[in-house]
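**Q** Sharing a model prediction with you, sequence too.
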Number of protein chains: 2
Amino acid sequence: MIEYRNLRIALLGAGAVGAQVAALLLEHGDELASRVGAGLELVGVAVRDLDAPRSTEIPRELLTTDARSLILGADIVIELMGGIEPAREYLMLALNSGADVITANKALLATHGPELFEEAEQVGAQLYYEAAVGGAIPIIRPLRDSLAGDRVHRILGIVNGTTNFILDRMDREGDSLEEALAAATELGYAEADPTADIEGFDAAQKAAILASLAFHTTVPLDMVHREGITAITHEQVRSAREAGFVVKLLAVCERVTDPETGVEGVSARVHPALVPQSHPLAAVHGANNAVFLEAEAAGSLMFYGAGAGGIQTASAVLGDVVSAARRHVIGGPGVAESTNADLPILPMSSVVTRYQITLQVADRPGVLAKIATLFSDHGVSVEAVQQSVRPDAAHGSAAYPGHSIPEPTATLVIGTHEATEGSLADTVVALGASDAVVEVTSVLRVEGTV
Amino acid sequence: MIEYRNLRIALLGAGAVGAQVAALLLEHGDELASRVGAGLELVGVAVRDLDAPRSTEIPRELLTTDARSLILGADIVIELMGGIEPAREYLMLALNSGADVITANKALLATHGPELFEEAEQVGAQLYYEAAVGGAIPIIRPLRDSLAGDRVHRILGIVNGTTNFILDRMDREGDSLEEALAAATELGYAEADPTADIEGFDAAQKAAILASLAFHTTVPLDMVHREGITAITHEQVRSAREAGFVVKLLAVCERVTDPETGVEGVSARVHPALVPQSHPLAAVHGANNAVFLEAEAAGSLMFYGAGAGGIQTASAVLGDVVSAARRHVIGGPGVAESTNADLPILPMSSVVTRYQITLQVADRPGVLAKIATLFSDHGVSVEAVQQSVRPDAAHGSAAYPGHSIPEPTATLVIGTHEATEGSLADTVVALGASDAVVEVTSVLRVEGTV
């Protein structure tokens, strides 16, 4: 039945994902070959250190430190090394030598995607990257193909498993950020240096990739607004729960119209946000990922699954291997990445969203009116105010400047209508300067509401 | 920028979906063209009656009753007529004339899929059908491509919006089946003749398509076990809720090993089932659809969204239009459907699952032991028994044969471990014949547990 020659597959990198890809290719090679109509031969695995310990055994004779020679003899090159260089150089070499390339390297795609896609188009090869976002969850193909005839309005993504695990622990177990991070590290969900995850760098790379794909527009990484979860307190998570929300680190990619200039464009941002408990994203627990998407014709869709993990990510890589191999068998050039829409990328100041602001205020007559005026002076419309006098002294009072006796304070939780980032920021500064305000405890965006 | 000639698109059918596809193609044609690199020209819409009222206006000059001539001049043919003939004949004509074809016709695919796929492969064309299952939810491409390198173990799908709407109403509003069906009809979720939906025919067609794709094996429609929701009572739904379950009409496609013969194969079935309230599928409300999938490497994934509706389904059709058009521009034959695995299709008797059985039994000593023995005699292992004496006479008592005074009865809810369909059926027959059992009230399969 199989008449085509064997396809030669080169693997670059044998870390958690790479070792699983090698194992699955060796174990299920015949099954995959029958789906493709050609044999799939893993011809080599390029590593830095031949003797490094690996999660799964790879036959010694496949290992090599000579990535270049391996690439030049391959039909399909799988890059799972991570990092920018030499990954970029190797992928360019592979494309130039006529190979199709598969990568899970979100950092590389978010920074050098256009260069790689252009090279692939020039030589008629194809660049596959289903594993770069959402691990095993099919999200690249649905965006690229299934929704290619629709107009995506907004993506709300939980695209970083580590931070979702941490925030979920804080919500469901009452952990502090430090405790939750320690648990994540112990369970292998967080790396020794968790900066890329908890500061939102990883999620921002994925947001750049998703926004570029969804809006047919190259969205550079440095245009993605980024805030991590390090400032999120146990108290914020607890208050959110009481108010019917959960705190999630979201990648938000959307079409926006700047309210002042009227310019239509797209925006991508990563920050913690309050999500209503009734929203499907609120039910995404642990280290899982999910992408919630709103399109003009399709309406709301959600894709959910394991966002990381060696074997899960390997599933996405192997799907790309089968796609690339099928394309080799039938012949013809690859489909170019579509960035023709070339929409303006609008800065964070163009974004309009809702906010929830928590304040400690002096508990005396006229304070609420004063604060309400302060909001309206800055063009921010208040939707709801909830006031509670805290019975416990630790939260409920603070030394009043210039007085030795603490003045009684109250907590105000203010929900706004949609407001621009700029007017909200001005309001917060004014709140901080007001003598009615003891402390601005929390400012969080609210996403996922109608 | 666009150098390729215009691609000629023929549309067959102008019903709810067809009219939306026409409208979107006419409205967003330029935007789609820029994604493809070629103009997309709707050259005609074949209808039976030129003067029939349509949900969306289609320019009169596009309408024709001559489908054959329209097909012969097209690059891409979209079939949205429904039914088997002449849809099958037209698609064969289109493929033979070198066109790519797009269809949302699940009935046709489930019965004549192999013939159509073979024809497409012979002529090097491609058959797209993302809209046939799950409306706008991308599920065909994820199964066909993203998971092509993995091994799918099981699919649990809510693939019929009408029945999900009805069961959800019964669960959340306390409606009877008749009331819920009336509401579905009034809201346009159910057709005048709801047989195809409520008897599970529609879901069975989708199960055949999903199973064929997931297991790389042609699964004929007549091998799909099918039960509808017409026997589901308000009482069953209420009891399920109390026990922590919801009743859902599921399409279950899975790899199975026949417990007696040891033969490994695949099975597809459609029936109402108890799903734990904590399972992601339990949160799929209204007329929404969702496909929950378990794969060897990817783990658990879920795809969720609107399963029907003219404009939502049109989104999936237009995604296929863009895919087909991109393929035309780059050239080369289509990717053939992969059915190489050719696994045996096992009958329902090979399926092993868990059950929940509700009995009215005589409330006297020794009855529980008698019933437990009856289960074990038939090789069915009991996991849990819950007994409750119903205080209200209507449910709690029944005339005891041969006695004029009703004997007190009790309700037994019995959960089993995994058992074969055959041994369970034998057990139910034996229960019905036992003098300890007044009535077998309910027998439901339990799905979605570990």
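**A** Received the coordinates, thanks. Numbers count the residues shown, from 1 in each chain, chains lettered A, B, ... in the order given.

**Q** Enumerate the residues of the stretch 151-300 of chain A near chain B.
**A** Proximity of the stretch 151-300 of chain A to chain B (Cβ under 8 Å from any Cβ of the partner chain) is limited to residues A:151, A:216, A:280, A:283, A:295, A:296, A:297, A:298, A:299, A:300. In short, each C-beta sits where N, CA and C put it, glycine included.

**Q** If you rank those residues by neighbours, which is first?
**A** In terms of neighbours by other Cβ atoms under 10 Å in any protein chain shown, these top out with residue A:298 at 30 neighbours.

**Q** Look at the residue in the stretch 1-150 of chain A positioned nearest to chain B and say how many residues are nearby.
**A** Among the residues of the stretch 1-150 of chain A, residue A:149 lies closest to chain B, at 2.4 Å counting by Cβ to the nearest Cβ. Applying other Cβ under 10 Å, we find 30 residues neighbouring residue A:149.

**Q** Next up, phi/psi of the residue nearest to it when sequence neighbours are not counted, please.
**A** Excluding its sequence neighbours, the residue lying closest to residue A:149 (Cβ to Cβ, 6 or more residues apart in numbering or on different chains) is residue B:318, at 2.4 Å. With angles defined as degrees, to the nearest 10, residue B:318 sits at phi -70, psi -30.

**Q** thought residue B:318 was touching residue A:151?
**A** No. Taking Cβ atoms under 8 Å as the definition, residue B:318 is not a contact partner of residue A:151, at 10.0 Å.

**Q** what touches both of those two?
**A** Residues touching both residue B:318 and residue A:151 (Cβ atoms under 8 Å, 6 or more residues apart in numbering or on different chains): A:297, B:28.

**Q** shouldn't residue A:177 be in contact with residue A:236?
**A** No. Counting by Cβ under 8 Å, residue A:236 is not a contact partner of residue A:177; they are 9.9 Å apart.

**Q** before we move on, back to that, contact partners for the residue nearest to residue A:149?
**A** Residues in contact with residue B:318, defined by Cβ under 8 Å, 6+ apart, are A:148, A:149, A:150, A:297, B:21, B:24, B:25, B:28, B:32.

**Q** Tell me the secondary structure at residue A:205.
**A** Look at residue A:205: counting by DSSP: H, G, I helix; E, B strand; the rest coil, its state is helix.

**Q** Spatially nearest residue to it (excluding sequence neighbours)?
**A** Of all residues not flanking residue A:205 in the chain, residue A:110 sits nearest, at 3.8 Å (Cβ to Cβ, 6+ apart).

**Q** remind me which residues of chain A are low pLDDT?
**A** Scanning chain A for pLDDT under 70 picks out the ranges A:1-3, A:389-406, A:450.

**Q** Tell me where it has helices.
**A** Taking DSSP state H as the test, the helices found in chain A are A:16-36, A:67-72, A:87-96, A:106-123, A:140-141, A:161-172, A:177-186, A:195-198, A:201-215, A:234-242, A:310-330, A:367-377, A:393-396, A:421-433.

**Q** Identify the farthest-apart pair in the contacts of residue B:318.
**A** Largest separation among the contacts of residue B:318 by Cβ to Cβ: A:148 and B:21, giving 14.2 Å.

**Q** Right, I'll leave it there.
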